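**Q** generate coordinates for the sequence data below:
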Amino acid sequence: MEAEEGEEWEKRMEIEENMRMSTIGSYGGKVRNLLVVCASSSSSSSAAAAAAAAALSKEEDVQTEAEAEAAEEEIMLLWGIQQPTFSKPNAFVSQSSLQLSLDACGRSLSILQSPSSLGTPGVTGAVLWDSGVVLGKFLEHSVDSGMIHLQGKKVVELGSGCGFVGCVAALLGGEVVLTDLPDRLRLLKKNVEHNLYGEIRGSANVHEFIWGDNYSNPEITDPLPDYVIGSDVIYSEGAVTELLETLLELSGPKTTIILAGELRNDAILQYFLELALKDFIIGRVDQTDCHPDYRSQRVVIYVLAKK
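**A** Down below sits the predicted model:
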C-alpha cells in the first residue's frame, strides 16, 4: 500500500514538473516556470458567479501569497540541488589580470579589466565575472542551436560592465545598446572599440543609463527592445526596485528579458523574484541548455516576459 502511494506521489510530482516546463518570450527552449497558475473550471450559474464575486476581494492576497511561496521554493531548490557554495568561484575569469582572452563567435576577444577598481565600494563592473561569461556563451550556444535569433534584433544590455556580453550579442547579429553608469563608460567603450573591429553581423553603441531614469533616451526606448539582457544585476535589495521599474519600462509585448547571476545571496534573489513575479512570467534555464563548456552551478539564468 505504501509503495503504491509512493508511486502515485511520484507521478503527481512528474506531472506538476511537466506542467511547469514551457517557453517564455522569444526564447525557444523550455524553461522551468516558477509560478504555474491552474485555470479554474468555469460555470454560468448565478451561484457560481456570486461565489466568484465574493472571492474577488481575496484574489490579490492569494496571488501575493502564491508569488511569495514560488520565490521561496525556487531558492530552496537552487541552494538545495545546485549547492552553489560547493562550486569553484571565478572558474572562467581572472580578476587580477589587466586583460582576459575569451573565444566567442569565431573570434578571440580581449577584455580589458581594472582590478584596482574592485577596492572602490560599489564598483563591480570593472572586472569580468563568471555570470557574464556564462551568459555570453549561453547566447552564442542558443543562437547556434536555433533557440534565439538575434540577427537584426534590438538588444539593450543593463550594467554592461566590461562589455563582454554585449560584444557577443553584436557579433551574433544584434543591434546592441550597451549601458552602464557614467563612471563605467570609459572602460566599456574601450572594450567595444577594441573587439568589434572590421565587419560584424550586428552593431554596438554605448550609452549612459541610470536605472529609474533616462527613459527619454530614444536610443534605448524607441523602439522598445526585442531583448533586454544583463548579468549580475541583482546584487542588493536597494537596487531591486529600480531594476524592476527599468525592466517594466523597457518591456513591450515582444520583449524577452534574459538575466544571469551568481548565487551569492539567497535573500536578495528571493526578494527580487517575489516582486518580479507580480509583473513578469519567469522561467529558469536548465543547466543542460547552457554552453557545454561554460556552465556553473554557481550561475543561474532566468528568462522573463511581461504579463
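
**Q** tell me where this protein has helices.
**A** Counting by DSSP state H, residue ranges of the helices within the chain are 2-20, 46-77, 130-144, 164-171, 185-195, 218-221, 237-250, 266-276.

**Q** nearest to Leu178, out of those?
**A** The stretch from the helices of the chain with the least distance to Leu178 (C-beta to C-beta) is helix 164-171; that distance is 3.9 Å. Quick note: C-beta positions are derived from backbone N, CA and C, even for glycine.

**Q** check contacts around Asn217.
**A** With contact set as C-beta atoms under 8 Å, 6 or more residues apart in numbering, Asn217 has these partners: His207, Phe209.

**Q** could I get the average pLDDT for stretch 240-248?
**A** For stretch 240-248, the mean pLDDT works out to 96.

**Q** chain center to that stretch: distance?
**A** 13 Å (C-alpha atoms, centre = their mean, to the nearest Å).

**Q** CA atoms only for it - export them in PDB, please.
**A** Taking Å, rounded to 0.1, in the frame of the first residue of the first chain, the C-alpha atoms of stretch 240-248 are listed here in PDB:
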ATOM      1  CA  VAL A 240      15.900  45.700  -6.900                       C
ATOM      2  CA  THR A 241      13.000  48.200  -7.100                       C
ATOM      3  CA  GLU A 242      14.900  50.400  -9.600                       C
ATOM      4  CA  LEU A 243      15.800  47.400 -11.700                       C
ATOM      5  CA  LEU A 244      12.200  46.200 -11.800                       C
ATOM      6  CA  GLU A 245      11.000  49.600 -12.700                       C
ATOM      7  CA  THR A 246      13.500  49.700 -15.500                       C
ATOM      8  CA  LEU A 247      12.600  46.300 -16.800                       C
ATOM      9  CA  LEU A 248       8.900  47.300 -16.900                       C
END
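
**Q** buried stuff in it?
**A** Neighbour counts over stretch 240-248 (16 or more other C-beta atoms under 10 Å) mark Val240, Leu243, Leu244, Thr246, Leu247 as buried.

**Q** pretty sure the second one sits against Val233.
**A** Yes. Checked against C-beta atoms under 8 Å, the pair Leu243 and Val233 is within contact range at 5.9 Å.

**Q** got the contact list for the residue nearest to the spatial centre of the chain?
**A** Centroid-nearest residue in the chain: Leu259, 1.4 Å away (criterion: C-alpha atoms, centre = their mean). Leu259 sits next to Ile229, Gly230, Ser231, Val233, Ile234, Ile301, Tyr302, Leu304 when contact means C-beta under 8 Å, 6+ apart.

**Q** which neighbours do Leu243 and Val233 have in common?
**A** Common neighbours of Leu243 and Val233 (C-beta under 8 Å, 6+ apart) are Leu158.

**Q** what about Glu199, how many residues nearby?
**A** If you count neighbours by other C-beta atoms under 10 Å, Glu199 ends up with 4.

**Q** meant to ask about Leu118
**A** Look at Leu118: counted by other C-beta under 10 Å, it has 13 neighbours.

**Q** my guess is it contacts Ala126. True?
**A** Yes. Leu118 lies in contact with Ala126 (C-beta under 8 Å); the separation is 6.6 Å.

**Q** spit out the residues that contact these two alike.
**A** Counting by C-beta under 8 Å, 6+ apart, Leu118 and Ala126 have no common neighbour.

**Q** which residue ranges of the stretch 201-307 of the chain form strands?
**A** Assigned by DSSP state E, counting those that start in this stretch, the strands in the stretch 201-307 of the chain fall at 203-208, 227-231, 256-262, 280-285, 299-306.

**Q** would you format those strands as TSV with distance to Asn195 included?
**A** Formatted as TSV, the strands of the stretch 201-307 of the chain follow (distance: least, C-beta to C-beta, whole Å):
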stretch	distance to Asn195
strand 203-208	9
strand 227-231	17
strand 256-262	20
strand 280-285	25
strand 299-306	22
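
**Q** between those strands, which gets nearest to Gly136?
**A** Comparing the strands of the stretch 201-307 of the chain by C-beta to C-beta, strand 227-231 comes nearest, at 8.1 Å.

**Q** quick one: strands adjacent to that closest one?
**A** Strand pairing for strand 227-231, determined by DSSP bridges: strand 154-158 (parallel), strand 256-262 (parallel).

**Q** the shortest one vs helix 237-250, what angle?
**A** Strand 154-158 and helix 237-250 meet at an angle of 170 degrees, taking axes from the mean of the first three to the mean of the last three C-alpha atoms, to 10 degrees as the criterion.
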